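Asker: Got a predicted structure here, sequence first:
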Amino acid sequence: MFSLMDKSQLLITIAIIILQSHFSYWNYNITSKEKSQNIINVKNQNTHPTLKLEIYVPILCPIDPPSHYIPCPPLLSPPIPPCDQISLSLSLSLSLSLNNIHELNPLLPPTYKETKKFKLVNEKNPKRKMSDRFFTVGLITAWYSSNIGVLLLNKFLLSNYGFKYPIFLTLCHMLACSLLSYVAISWIKVVPMQSIKSRVQFLKISSLGFIFCLSVVGGNISLRYLAVSFNQAVGATTPFFTAVFAYLMTLKKEGWLTYVTLIPVVTGVVIASGGEPSFHVFGFIMCVGATAARALKSVLQGILLSSEGEKLNSMNLLMYMGPVAVAFLLPAALYMEEDVVGITIALARDDVSIVWYLVFNSALAYFVNLTNFLVTKHTSALTLQVLGNAKGAVAVVVSILIFRNPVSVTGMLGYSLTVTGVILYSEAKKRNR
């Protein structure tokens with residue numbers, strides 16, 4: 001046991017142990033700019049640090065190095081000279097909560113608890129901060145516009161315009177997603193290119209692509225028979241199907257409160273169905289099937305691409321799923337929608353606007369996925385979930401104003417109950433984490 005020890009060295013050692021326990025993916029290096037000050041720089045491995053946290057811990061050090069001290073670990077050797085102040089500079093990402101930093105407080109020696117001072121410095125200037133806000137608002141507006149736009153345009157083409165070929169329309173969507181995804185990733189470099197590493201991974205992506213195209217086809221078929229407002233009400237039950245598939249496939253159980261919140265989700269759709277003036281049995285079945293397929297894809301994606309080596313971001317996954325969906329949809333469209341190509345060409349000769357409708361609609365379908373990815377990247381998944389709940393309500397109001405479809409009070413009450421259940425479900429999930 002040593003009778004004397006270098007307090008500055010001990011405190012630095014404690015600080016590094018604390019940082020290691022809280023930030024397992026951080027690396028650090030130690031530099032000494034002046035004799036009287038030791039600095040520990042802890043750098044995040046992320047490529048875009050946005051915040052800087054400075055922790056100042058004034059301490060008292062002996063004037064001369066003690067004759068005996070605790071041997072320095074390999075990381076800290078050679079021994080660091082005495083200092084008057086230790087500055088810990090952490091480069092943090094926005095996603096890091098300051099609560100984690102405050103947890104350092106009880107772990108430091110009692111003598112120094114009162115002397116800690118946290119100083120948060122935003123490295124961005126006010127003008128940059130304002131421009132970032134405008135950029136985020138612009139992204140959210142683009143996401144809303146593309147989501148609601150593709151939904152309304154699908155309804156217009158399949159129902160009002162008379163283009164009764166939902167499988168061919170979905171095929172156009174998937175072609176656009178395949179081509180534009182490749183351009184965005186390979187040329188524009190929206191995200192880094194991720195490659196498929198094995199045949200097994202390709203088969204997993206193919207199965208996801210098949211389910212993905214089933215969900216899109218089912219949704220487009222339902223729009224031919226159902227009003228957009230009722231379509232959105234049924235689509236809002238996705239959390240119910242997600243919870244069911246998660247339990248059946250992974251035996252994952254949620255808290256009892258989460259299951260309780262699913263009751264108004266389902267009850268609302270039942271009420272809305274009874275009060276829907278333009279209810280259509282086949283359209284309803286297709287819409288429920290599309291919603292279930294969307295939930296199944298979400299659960300399967302978490303199971304099949306769970307390992308770190310196989311995980312793909314949503315843009316790369318879309319780029320690989322698109323061609324798979326095209327491979328499934330092309331023969332299905334040619335077989336089930338007889339002479340659809342010839343009919344489309346004939347329509348284009350009579351009215352060239354159908355070509356522009358299809359091109360614009362297909363591009364918009366891709367931008368739904370692109371803006372969805374960018375909004376998640378620049379905000380959070382929770383923000384996207386909240387915005388998604390509001391988006392459904394906005395789409396219902398806009399569709400009623402445009403298409404003038406009859407809506408009953410019972411139907412609106414049912415839809416409101418479903419949306420309320422979805423919001424409660426989101427809150428219950430958040431509390432269980």
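Answerer: Thanks, I have it.

Asker: Can you mark which positions in stretch 340-356 are buried?
Answerer: 340, 344, 347, 354 (16 or more other C-beta atoms under 10 Å). Any C-beta I mention is one placed from the backbone N, CA and C, and that applies to glycine too.

Asker: wait, which of the residues you listed is closest to residue 261?
Answerer: The closest of the buried residues of stretch 340-356 to residue 261 turns out to be residue 340 (C-beta to C-beta; 42.6 Å).

Asker: Can you give me the distance of the closest one to residue 129?
Answerer: From residue 340 over to residue 129 the distance is 51 Å, taken as C-beta to C-beta, to the nearest Å.

Asker: Got the domain ranges for the protein?
Answerer: 7-123, 129-432 (automatic domain parsing).

Asker: all helices of the stretch 201-350 of the chain, in order?
Answerer: Counting by DSSP state H, counting those that start in this stretch, the stretch 201-350 of the chain has helices at residues 228-235, 238-250, 256-274, 281-304, 314-336, 340-350.

Asker: Quick one: closest of these to residue 182.
Answerer: That would be helix 314-336 among those, by C-beta to C-beta, at 5.8 Å.

Asker: which outside residues touch the closest one?
Answerer: Residues outside helix 314-336 that contact it (C-beta atoms under 8 Å, 6 or more residues apart in numbering) are 165, 167-168, 170-171, 174-175, 177-178, 181-182, 184-185, 190-191, 193-194, 196, 202, 205-206, 208-210, 212-213, 216-217, 301, 305, 312, 340-341, 369-370, 372-373, 376.

Asker: How about stretch 252-270?
Answerer: Counting by C-beta under 8 Å, 6+ apart, 233-234, 236-237, 239-240, 243, 246-247, 414-422, 424-425, 427-429, 431-432 sit against stretch 252-270.

Asker: same thing with stretch 414-421?
Answerer: 229-230, 232-233, 236-237, 261-275, 389, 392-393, 396.

Asker: Which of those residues are buried, as a ChimeraX select command?
Answerer: Buried subset of these, written as a ChimeraX selection, criterion 16+ other C-beta under 10 Å:
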select :229,230,232,233,236,237,261,262,264,265,268,269,271,272,273,275,389,392,396
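
Asker: So, low pLDDT: which residues of this protein?
Answerer: Where the chain drops to pLDDT under 70, the residues are 1-128, 381-382, 433.

Asker: Now with 80, please.
Answerer: 1-132, 306-309, 379-389, 430-433 (pLDDT under 80).

Asker: That one: strands as residue ranges?
Answerer: With DSSP state E as the criterion, the chain has strands at 27-34, 37-43, 51-58, 85-92, 117-122.

Asker: highest average neighbour count across the helices of the stretch 201-350 of the chain?
Answerer: Comparing the helices of the stretch 201-350 of the chain on average neighbours per residue, with mean count of other C-beta atoms under 10 Å, the densest one is helix 228-235 at a mean of 25.

Asker: List the contacts of residue 153.
Answerer: Here residue 153 is in contact with 357, 360, 361, 364 (C-beta under 8 Å, 6+ apart).

Asker: now the angle between helix 228-235 and the top helix by length along the chain, please.
Answerer: In the chain, taking DSSP state H as the definition, the longest helix is helix 126-155. Computed by axes from the mean of the first three to the mean of the last three C-alpha atoms, to 10 degrees, the angle separating helix 126-155 from helix 228-235 equals 110 degrees.
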